[in-house]
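Chemist: Turn this into a model:
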Amino acid sequence: MGSKFLRTTSGRWRQTLSVRTRVLVIVLIPSIALLAIGIGGSAYLVQSGREANRFAELARGTSGPSIMMIEAFQEERRLSLLFLAGDDSAGFALPAARQQSDAGYAAVVAQANALSQLRPDLKEGFFRVGVGQKVPALRAAIDARAIPAAEAFTAYSMAVAAIINGWLISADVAPDPHIAVELYKSVHALRAAESISQTSGLGSLVMLTGQLSPELLVELAGYIGDGRGEVAYVGSVLQGARLDQWKAITASSEWQQLRGMEDAIIQRGPVPDTESGGRTSSKSVETLPMTLTQWQQVAGKVRHDLLNLWENQSVDAHFAATEQGNRLNRNSLLAGAGVLSLALLAFLGALTLANRFIGRLRRLRRDTLKLADERLPDTIRRLSAGEDFDQDDDRLDFGADEIGHVADAFNRAHQAAVAAAVAEAKTRAGVNTVFVKIAHRSQGVVHRQLALLDKAEREEPEPDRLKLLFQLDHLATRARRNAENLIVLGGEQPGRKWRNPVPLVDVVRGAAAESLDYTRIHVRKLPETQIVGPAVTDIIHLLAELADNASAFSPPESPVEITGGTVGKGIAIEISDQGLGMTDEDRAARNELLSHPPDFSVATLSGDIRLGLFVVAKLAARHGITVRLTESDYGGVKAIVLIPTALTTAAAELGMADPVQQSRIPAQPEYS
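Modeler: Below is the predicted model:
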């Protein structure tokens, strides 16, 4: 009986205590804990500040020697390749270059020994490939011309890669993630400079020997792509003064000349041994925009600028490390004084804390309603539109106490809904990717098939067989367009391209020629205008799809007429059939699809398999073309295509332009 009374009394006492009273009762414990944490935190800040200053001091002295070694080894690599290719003048310059390399190597060794105080494997990272042990034997083999140029090229590249690898490891020991990120950014400029050096080194062999095998061309293209990719990435991550420095590099005449030279070599293609006979061929001289000396000068200037960018970015990171160390030292002193003050004020703060507990409960209710009523619907909408979002932005964060547990329960429900939406978006993206990949493969097969058919048509003397080949040609062309349909719906560009404007009549005839029932399609008078090159492929594709629809949904013996004329906003092309037509509801639905193309997904197409209209809608939206379906004069369907003036060029303006070759398509395209 007494025990029950005590339990009842205790329960009533706990129920009568307010939150404020309970906090005041237990405030002494957190006050003591706060004092202990403050002392420990101050000691930790002091130690962290010392480590940050030490890191900045050691790392700052490493960038200069690293640039010296990298530039020296790159120059030695270039001269060695020229010497191995038969340029004796390069051999006279090798001793001085090797002295530079040895001096740079010695300076980096000294700094690597100092950096190993921070982390023992830093020195191993800088010299993992054993540069000091391998260089003497490598040089002896080069002097005796007893080593292939490719092997010498790889050996020197590994030496430079060791420096880059060392800098990556040094970023791991940075005192702050932000500093580490800045150091990682700078390494990409270093890689870009190395790729440019590798390209110019191999280019020296090409220019000197006049030979460029397919294998060497692939390797050279790889270095060019790596360099440009690294430069582009550097521009996407840098900020402030370093971004301005990057812009100055990429806007310089040297950078443009370097890109032009690299593009010229790649576009020229392989140069076999028999063409040059071991000497610089007329092909290499006539088609390249720069001489070997000019190329080396331009490449050296760009490479030096990128190395300077890397050094400046590294200096910025080191300066930030120094600032952080100083800041941590100041903070440690302030924290020590602040902790004592906070411990004295903790009791008074307990009352405020109680009020905050009540405020948290009210905020939990408000944020939960906002999450359910506003954020969740917005997140699902953004996922459906393919937009990026940060799921952590929608989390309810109320700590780890009981209030936080309640908030976590709401977070789990929210995450479950978002996860379902993410899974749906990934499924849709995966389907798109599969379609595009399959389409690309099919497109490649059809391209080869068309090439074989072209050859067979030119060599076939029999009219009947030639007619059959033409039929196969049209079927293959249709198969190519089917593959391009999937590519367009997947959000990518088909491979066909035109540089020069193409007459509108050739564009329309090219579209008609791609139709299976091309004999039924009659092209009437069209205005004498031309379509700009970049839009030719998509307009051919668009008109071909509309012509196919017209022939597919009209009697087999009826014609499909294509006419056109000039209007105020551009060129209007009309495609009319004599079919059964559409109901007003169907025609309105199709026009809505053409005006506002939906996202390509399985859900979108589940109710209708007319892929052609989806393709037309996508292509029209891409170029600002308007497509509208109306009833034709014969009761069928008339498709009106309005091509804006921006996509057309008057024929008189291009009177001096090169003529465009005609075949079964309006002009010979380029494939990419």
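
Chemist: Check which helices and strands whichever strand or helix holds Val422 is in contact with.
Modeler: Using DSSP states H and E, Val422 sits in helix 402-459. Where contact means 3 or more Cβ pairs under 8 Å, 6 or more residues apart in numbering; DSSP states H and E, helix 402-459 is packed against helix 292-370, helix 376-384, helix 463-489, helix 602-605. C-beta coordinates here come from the backbone N, C-alpha and C atoms, glycine included.

Chemist: Comparing those, which yields the minimum mean pLDDT?
Modeler: The stretch with the lowest mean pLDDT among the helices and strands packed on helix 402-459 is helix 602-605, at a mean of 48.

Chemist: I'd say Leu217 and Gln267 touch.
Modeler: No. Counting by Cβ atoms under 8 Å, Leu217 stays clear of Gln267, with 10.7 Å between them.

Chemist: Neighbour count for the two, which is higher?
Modeler: Each of Leu217 and Gln267 has its neighbours counted (other Cβ atoms under 10 Å); Leu217 has more, 18 against 8.

Chemist: isn't there a helix covering that one?
Modeler: Yes. Judged by DSSP: H, G, I helix; E, B strand; the rest coil, Leu217 forms part of a helix.

Chemist: Now do the phi/psi pair for the residue nearest to it when sequence neighbours are not counted.
Modeler: Nearest non-adjacent residue to Leu217, counting by Cβ to Cβ, 6 or more residues apart in numbering: Pro270, 5.3 Å away. Phi and psi for Pro270, reported as degrees, to the nearest 10, are phi -60, psi 150.

Chemist: So Pro270 sits against Pro214, correct?
Modeler: Yes. Using Cβ under 8 Å, Pro270 makes contact with Pro214 at a distance of 4.7 Å.

Chemist: Those two: which is more packed in?
Modeler: Neighbour tally, Pro270 and Pro214, criterion other Cβ under 10 Å: the higher count belongs to Pro270, 13 against 10.

Chemist: Roughly how far does that one sit from Gly86?
Modeler: 20 Å (Cβ to Cβ, to the nearest Å).

Chemist: swap in Pro136?
Modeler: In terms of Cβ to Cβ, Pro136 sits 24 Å off from Gly86.

Chemist: who touches Ile531 in this structure?
Modeler: By Cβ atoms under 8 Å, 6 or more residues apart in numbering, the contact set of Ile531 is 501-504, 507, 539, 643, 647-649.

Chemist: give me phi/psi at it?
Modeler: Dihedral angles (degrees, to the nearest 10) for Ile531: phi -100, psi 130.

Chemist: likewise the one 5 residues further on?
Modeler: Note on Val536: its backbone torsions stand at phi -60, psi -50 [degrees, to the nearest 10].

Chemist: Next: Glu561.
Modeler: Dihedral pair for Glu561: phi -100, psi 140, per degrees, to the nearest 10.

Chemist: Which residues are in contact with it?
Modeler: Neighbour list for Glu561: 522, 524, 574-576 [criterion: Cβ under 8 Å, 6+ apart].

Chemist: Skipping its backbone neighbours, what lies nearest Val615 in space?
Modeler: Of all residues beyond its chain neighbours, the one nearest Val615 is Asn485 (4.8 Å), with distances taken as Cβ to Cβ, 6+ apart.

Chemist: and that neighbour, how many neighbours?
Modeler: 22.

Chemist: Measure how buried Glu585 is and give me the count.
Modeler: By other Cβ under 10 Å, neighbour count at Glu585 equals 8.

Chemist: Look up how far Glu592 lies from it.
Modeler: 11 Å.

Chemist: next one: Ala417
Modeler: Distance of Ala417 to Glu592, given as Cβ to Cβ: 30 Å.

Chemist: re the thing from before, report pLDDT for the residue nearest to Leu217.
Modeler: If you check Pro270, the pLDDT there is 80.

Chemist: So that it lines up with my notes, have the first residue be 773 from now on.
Modeler: That works, and once the first residue is 773, the last one we named lands at Pro1042.

Chemist: ok, it - contacts?
Modeler: Pro1042 sits next to 984-986, 989 when contact means Cβ under 8 Å, 6+ apart.

Chemist: Please produce a markdown table containing the residues you listed, extended by secondary structure.
Modeler: Below are the contacts of Pro1042 laid out as a markdown table (three-state DSSP):
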| residue | secondary structure |
| --- | --- |
| Leu984 | strand |
| Ser985 | coil |
| Pro986 | helix |
| Leu989 | helix |
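
Chemist: Grab the two from those that are most spread out in space.
Modeler: Farthest pair in these (Cβ to Cβ) is Leu984 and Pro986. Separation: 8.2 Å.

Chemist: Glu847 against Arg870, yeah?
Modeler: No. Using Cβ under 8 Å, Glu847 is not in contact with Arg870; the gap is 9.8 Å.

Chemist: now the strands: where do they sit in this protein?
Modeler: 1268-1269, 1274-1275, 1293-1295, 1301-1303, 1332-1339, 1342-1348, 1398-1403, 1409-1416, 1420-1422, 1442-1443 (DSSP state E).

Chemist: Relative to Leu1010, which of these is closest?
Modeler: Comparing these by Cβ to Cβ, strand 1268-1269 comes nearest, at 32.4 Å.

Chemist: pLDDT of that closest one, averaged?
Modeler: 70.

Chemist: now stretch 841-857
Modeler: On average, stretch 841-857 scores 84.

Chemist: What of stretch 1320-1337?
Modeler: Mean per-residue pLDDT for stretch 1320-1337: 88.

Chemist: Output that stretch in CSV with nothing but the alpha carbons.
Modeler: Coordinates of each C-alpha in stretch 1320-1337 appear next as CSV, following Å, rounded to 0.1, in the frame of the first residue of the first chain:
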residue,chain,number,x,y,z
ASP,A,1320,5.5,8.2,-94.5
ASN,A,1321,2.5,8.9,-92.3
ALA,A,1322,0.6,10.3,-95.3
SER,A,1323,1.4,7.3,-97.5
ALA,A,1324,0.7,4.8,-94.7
PHE,A,1325,-2.8,6.2,-93.9
SER,A,1326,-4.1,6.7,-97.5
PRO,A,1327,-5.1,4.3,-100.3
PRO,A,1328,-2.2,2.6,-102.0
GLU,A,1329,-3.0,4.1,-105.4
SER,A,1330,-3.5,7.6,-104.2
PRO,A,1331,-0.7,10.2,-104.5
VAL,A,1332,0.8,12.3,-101.7
GLU,A,1333,1.4,15.8,-102.7
ILE,A,1334,4.2,18.1,-101.2
THR,A,1335,4.0,21.8,-102.0
GLY,A,1336,5.6,24.9,-100.5
GLY,A,1337,5.7,28.6,-100.6
